[in-house]
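Asks: Just the structure for this:
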Amino acid sequence: MMPRRPPRLADRLLHRLASGPRSLSLIGDLHEQYGRGRSASWYWRQTIKTIFVGLASDLRRHPFESLHALCAGWGAVLLYNAVILSPIWWLFQRIALNSETMRRSVVFPGTRILLAFIGACVVGRVLVRFHSERRAVSLLLLVVAVIFTGLPRLFSLSVDAWGYSNYRLYLGMQIVSVLVPALGIIVGGLSDERPADHNLLTDGGSSPDQFVQQ
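Replies: Coordinates of the predicted model:
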């Protein structure tokens, strides 16, 4: 009889985002309990709990490393915007000036969104290459920073859209422009096939095994 395999997506997230002491042994315990008859929903709950417990532990015990990851990721975002995104978008705008159809089509705003997504994927992947041991907290902090910087413009357009319907399209585009880079960072960070570096010897603290529901 073939052993039961846990949900593939949950298992991949667990291997890539779990951190803290004895994380590998915890993953093994989850596999063992799932093989004994635990449900897929139970495995998903334990996966989410394990990731957030490790994330909170990293924030509490490694604040300076977490801040370094945030600064490195934000620097990569600014560098991509200045060196690649802005010049390409400027060139595309010059080309679009000669085409009324292009300016009125979805291709015009869609191109910037696509470029932002591609850049965010690259940033996310590069970030976890240098901070793979604290992958979850590195990605989370950068995603929060990206969303936070877009909130002022989003709130301003929300007020305008409340009274003027013609602003609703711009509001929708602003929401997309905030969420797409955040999604790209997550996709890029999770696209790295290497599992997180689970440091079993140097990390102190209590074992996360206590969070597994028996």
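Asks: Secondary structure element holding the residue nearest to the spatial centre of the chain?
Replies: Compute the mean C-alpha point of the chain, and by Cα atoms, centre = their mean the closest residue is residue 186, 2.5 Å away. In the assignment (DSSP states H and E), residue 186 maps to helix 168-190.
Asks: which parts of that helix are buried?
Replies: Residues of helix 168-190 classed as buried by neighbour count (16 or more other Cβ atoms under 10 Å): 171, 174, 177-178, 180-186, 188-190. For glycine as for every other residue, the C-beta is placed from the backbone atoms N, C-alpha and C.
Asks: wait, which of those residues is closest to residue 153?
Replies: Using Cβ to Cβ, residue 174 is the member of the buried residues of helix 168-190 that lies nearest residue 153, at 5.8 Å.
Asks: Checking residue 37 next. Helix, strand or coil?
Replies: Under DSSP: H, G, I helix; E, B strand; the rest coil, residue 37 falls in the coil class.
Asks: mind listing what's buried in stretch 29-45?
Replies: Of all the residues in stretch 29-45, those buried under the rule 16+ other Cβ under 10 Å are 29-31, 33-34, 38, 42-44.
Asks: can you redo those residues as TSV with pLDDT and distance to residue 94?
Replies: Shown next, in TSV, are the buried residues of stretch 29-45 (pLDDT from 0 to 100; distance: Cβ to Cβ, whole Å):
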residue	pLDDT	distance to residue 94
29	90	59
30	90	54
31	90	56
33	90	60
34	89	56
38	89	59
42	93	56
43	93	52
44	93	49
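Asks: The longest helix along the chain - what's its average pLDDT?
Replies: Using DSSP state H to define each element, the chain has its longest helix at helix 135-163. Averaging pLDDT along helix 135-163 yields 90.
Asks: same for that helix, what does it pack against?
Replies: helix 8-17, helix 40-61, helix 63-80, helix 107-130, helix 168-190 (3 or more Cβ pairs under 8 Å, 6 or more residues apart in numbering; DSSP states H and E).
Asks: which one of those lies closest to residue 152?
Replies: The closest of those to residue 152 is helix 168-190. By Cβ to Cβ, the value is 10.4 Å.
Asks: neighbouring contacts of that closest one?
Replies: The contact list for helix 168-190 (Cβ atoms under 8 Å, 6 or more residues apart in numbering) reads 12-13, 16-17, 73, 77, 109, 112-113, 116-128, 135, 138-139, 142-143, 146-147, 150-151, 153-154, 157-158, 160-161.
Asks: Pull out the buried residues from the longest helix of the chain.
Replies: Residues 135-143, 145-146, 150, 157, 161 are the ones in helix 135-163 that count as buried (16+ other Cβ under 10 Å).
Asks: Go through those residues and say which is closest to residue 53.
Replies: Looking across the buried residues of helix 135-163 and measuring by Cβ to Cβ, the closest to residue 53 is residue 136, at 10.3 Å.
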